[in-house]
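Engineer: sequence plus predicted model, see below.
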Amino acid sequence: MGTVYKNFEQELATWARKYANSPADELIALCLLALEREELVAIGYRENLIRRRLTTMRVSDDVRELIEHALLWVWKDEEMHTIYIRGAIFKLGNWFLRARAYGRQWGGAIAGWSSSIRQHVPWSTAPLSRAAAISLTSIGSLLGKVPEEVRAHLSYGPFRDFCLFNVDAEKTAWLCWSRMAEVAANIPALPPNTVSEFRRVEADEDRHARVFQILSSALDENDSLVPTESAESLVQKIGEVGEFFLPRRMRSQSIGRNPLGSGGQVWSVEGKNAAEKLSQFRKLLDDCQLASRIRSRSDQSGKSLQDLKIAIKPTFMLGYDRRDTSIITDPELLEALAGYLREAGCNDIAVIEARNIYDQFFHGRTVREVASYFGILSSRYRLVDGSEEQVPHSYFRGMAQYSVARTWKEADFRISFGKIRSHPVELVYLTVGNVEWMGARCDEFIFAERQAQRETAIMMLLDEFPPHFALLDGYASAADGLVGVMGCPRPQHPLRFYAGPDALAVDMVAARHLHMRNPRESSILRAACHWFGDPGGHIEVIGCDEPLKAWKDPYHNDLSAMLSFLAFPVYVFGSGRGSMFLPPMDETAFPPIRRASATEWIGRRTMRLLLGLGRPK
């Protein structure tokens, strides 16, 4: 073990004696330390910095891709750990502890930026950044925040040295989380999953240390591979730590079970008028050979078509008024899809949705009540409320998601049937994000006390329960503009459908048609590319491959762009947990649970006016 590890080991022993009679205080101190450290490395391992550094190394493209992806996964893990432990701290104490947590997180961010600049950016490239980083670390040293043994490693040198330092740093993190789990086990009042989550992070840190050890042993002082290593040997060694540290094309086990990231064919159909909706939809299903794909799935599962469980995830729970159908999957299309599946021989067809945040403010917001309001009822399928059938599930990767809807989990063939919509944060919200709510409620992953990012929770579901096929409805009515995800009084009529076996590929094609230059501008699509691989170079578009001419994305003008930029922080910290961001609900069908206060009444109407979300006509 290195000096950094040994010194930290002594520090933990001192804390153990200091807090011998107060395990709760020791846990808070450890959590604050862990938050600062996780934020530091989350900034220090960031993708753009590591990618630029790797371009200077004397290695083959395969090796560079391998190292980049391995460290990308380490970075994403550390980001998850940061959000998790911050949320855990928020649930442990009052506003003063929250303020301390934010302070420690900011301290970690500054330290992470400074150290990463000093380790990866030479003077010739960015002299001002280097000067600022040296000044900040010098101030940190004077304040006792940067130990001498750490300062010795804050210089630009071989990438191997950076890896060697982080072997010690990751082992130190492992020790911290191990101690946190030990202490938490003696505090019965903590949430039930606390110890197991601490152990999960402990295991992550051990894997990170092993990855850095492999890389440090494989590189020499000139940033080249040592003679005894090759791309193939690195793939084998890193794959033994975890296959997810490998790029998709280098994996051997997990690549076949998940269609996401595989690319392939995406069908895009454009009609001439509204009257062609059902005929064009049927043509799409025939062209993409959906029936054949289901028969193939039947053969793989060993089940007959009659016994095959089909789950369709549409979107209609954000619907607020039947006069605005721009944010719901067309009921006629759902009926047509179910009829097509029955023609193919399927009998067990479930349409599954789940409740959202609107049920905190309005009555009548169960899945059955909202479906009935919008006419989503049929003898061809059964309607399932995913909120009522959550079953425990232990996810292999990710944090703070502990359940999944039984129907979605047990389905033999899953279809994500999304709706083309704009989104102020994601820019577009299509079939990948559509699986949201099949696990825990989405509002658990949005507000300040969240213990996982919203996109992480979605990726966890997609990783273990992916859709086998994706359909995207953008034919008769689609919500564009600033807050299309909530509604659109004057929707577009793109006359488009999209379909394909890879939901991520479907979304990337549709996003490009919706004027997104880079689909990775959406945090959901970017996370999906990180988790499952970027299919961008492996997509074949069959049919219409032209952008929508009249589409208004959230950045279509300066005011809309500014509001989109502010949307996430304002919603998280200033919306009263969503109470200020409510559409003009049809209160005859969905009466308010309580009368709005004067502040809420003014705030809601101001937001609707600002966002252009008026009552539909």
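Structural biologist: On my side now, so go ahead.

Engineer: so where is the stretch 501-617 of the chain shaky, pLDDT-wise?
Structural biologist: The model of the stretch 501-617 of the chain has no residue with pLDDT under 70.

Engineer: now with 90, please.
Structural biologist: Counting by pLDDT under 90, the stretch 501-617 of the chain has low-confidence residues at 516-521, 533, 536-537, 549-581, 596-601, 603-604, 606-617.

Engineer: stretch 432-443: which residues count as buried?
Structural biologist: Buried residues in stretch 432-443, defined by neighbour count with 16 or more other C-beta atoms under 10 Å: V432, G433, N434, V435, E436, W437, M438, G439, A440, R441, C442. C-beta here means a position set from N, CA and C on the backbone, and glycine is covered the same way.

Engineer: what about the nearest residue to the second one once chain neighbours are set aside, which helix or strand?
Structural biologist: Of all residues not flanking G433 in the chain, I524 sits nearest, at 4.8 Å (C-beta to C-beta, 6 or more residues apart in numbering). Applying DSSP states H and E as the criterion places I524 in helix 523-532.

Engineer: tell me what that helix is packed against?
Structural biologist: Using 3 or more C-beta pairs under 8 Å, 6 or more residues apart in numbering; DSSP states H and E, the elements in contact with helix 523-532 are helix 61-92, helix 454-464, helix 503-513.

Engineer: same thing but 6 Å
Structural biologist: helix 454-464 (3 or more C-beta pairs under 6 Å, 6 or more residues apart in numbering; DSSP states H and E).

Engineer: the helix it packs on packs against which elements?
Structural biologist: Contact here means 3+ C-beta pairs under 6 Å, 6+ apart; on that basis helix 454-464 packs against helix 523-532.

Engineer: okay, now the domains of this protein?
Structural biologist: Domain segmentation of the chain under automatic domain parsing yields 3-251, 257-611.

Engineer: pull the helix or strand with minimum mean pLDDT from this protein.
Structural biologist: None of the helices or strands of the chain scores lower by mean pLDDT, DSSP states H and E than helix 148-151, at a mean of 63.

Engineer: beyond that one, next helix or strand please.
Structural biologist: Immediately after helix 148-151, counting by DSSP H and E, sits helix 159-184.

Engineer: now do that next one against helix 61-92, angle only.
Structural biologist: Comparing the axes of helix 159-184 and helix 61-92 via axes from the mean of the first three to the mean of the last three C-alpha atoms, to 10 degrees yields an angle of 30 degrees.

Engineer: what's the closest non-adjacent residue to the residue sitting nearest the centre point of the chain?
Structural biologist: Residue closest to the average C-alpha location in the chain (C-alpha atoms, centre = their mean): E455, at 1.7 Å. Take E455 and drop its neighbours on the chain: the residue closest to it by C-beta to C-beta, 6+ apart is A527, 4.2 Å away.

Engineer: what separation is there between the one you found and D463?
Structural biologist: From A527 over to D463 the distance is 11 Å, taken as C-beta to C-beta, to the nearest Å.

Engineer: rewinding a little: the residue nearest to the centre of the chain against R526, yeah?
Structural biologist: No - here E455 lies out of contact with R526, judged by C-beta atoms under 6 Å, at a distance of 7.9 Å.

Engineer: quick one: contacts for the residue nearest to the centre of the chain?
Structural biologist: S523, I524, A527 (C-beta atoms under 6 Å, 6 or more residues apart in numbering).

Engineer: closest to F212 among those residues?
Structural biologist: A527 (23.2 Å; C-beta to C-beta).

Engineer: how about the strands in this structure?
Structural biologist: 264-270, 309-313, 348-353, 382-385, 390-392, 403-405, 413-419, 422-423, 427-428, 469-474, 496-500, 539-543 (DSSP state E).

Engineer: could you check the angle helix 503-513 makes with the last one?
Structural biologist: Read that as strand 539-543. 60 degrees.

Engineer: output the contacting helices and strands for strand 539-543.
Structural biologist: Under the contact criterion of 3+ C-beta pairs under 6 Å, 6+ apart, strand 539-543 touches strand 264-270.

Engineer: would you check which pair of the buried residues of stretch 432-443 lies furthest apart?
Structural biologist: For these, the maximum inter-member distance is 18.6 Å, found between V432 and R441 (C-beta to C-beta).

Engineer: burial count for the residue nearest to E455?
Structural biologist: For A527, the count of nearby residues is 20 (other C-beta atoms under 10 Å).

Engineer: tell me how far the residue nearest to the centre of the chain lies from R608.
Structural biologist: Per C-beta to C-beta, E455 is found 27 Å from R608.

Engineer: please apply the same query to G487.
Structural biologist: From G487 to R608 the distance is 10 Å (C-beta to C-beta).

Engineer: go on, N347?
Structural biologist: As judged by C-beta to C-beta, N347 and R608 stand 44 Å apart.

Engineer: looking at those two, which one has more neighbours?
Structural biologist: Just comparing N347 and R608: by other C-beta under 10 Å the higher neighbour count belongs to R608, 20 against 14.

Engineer: so the residue nearest to E455 sits against M460, correct?
Structural biologist: No - taking contacts as C-beta under 6 Å, A527 lies outside contact range of M460: 10.5 Å.

Engineer: before we move on, back to that, nearest to G533, of the buried residues of stretch 432-443?
Structural biologist: V432 (13.4 Å).

Engineer: what's near enough to touch the closest one?
Structural biologist: Contacts here follow C-beta under 6 Å, 6+ apart; on that basis V432 touches A503, L504, D507, I524, A528.
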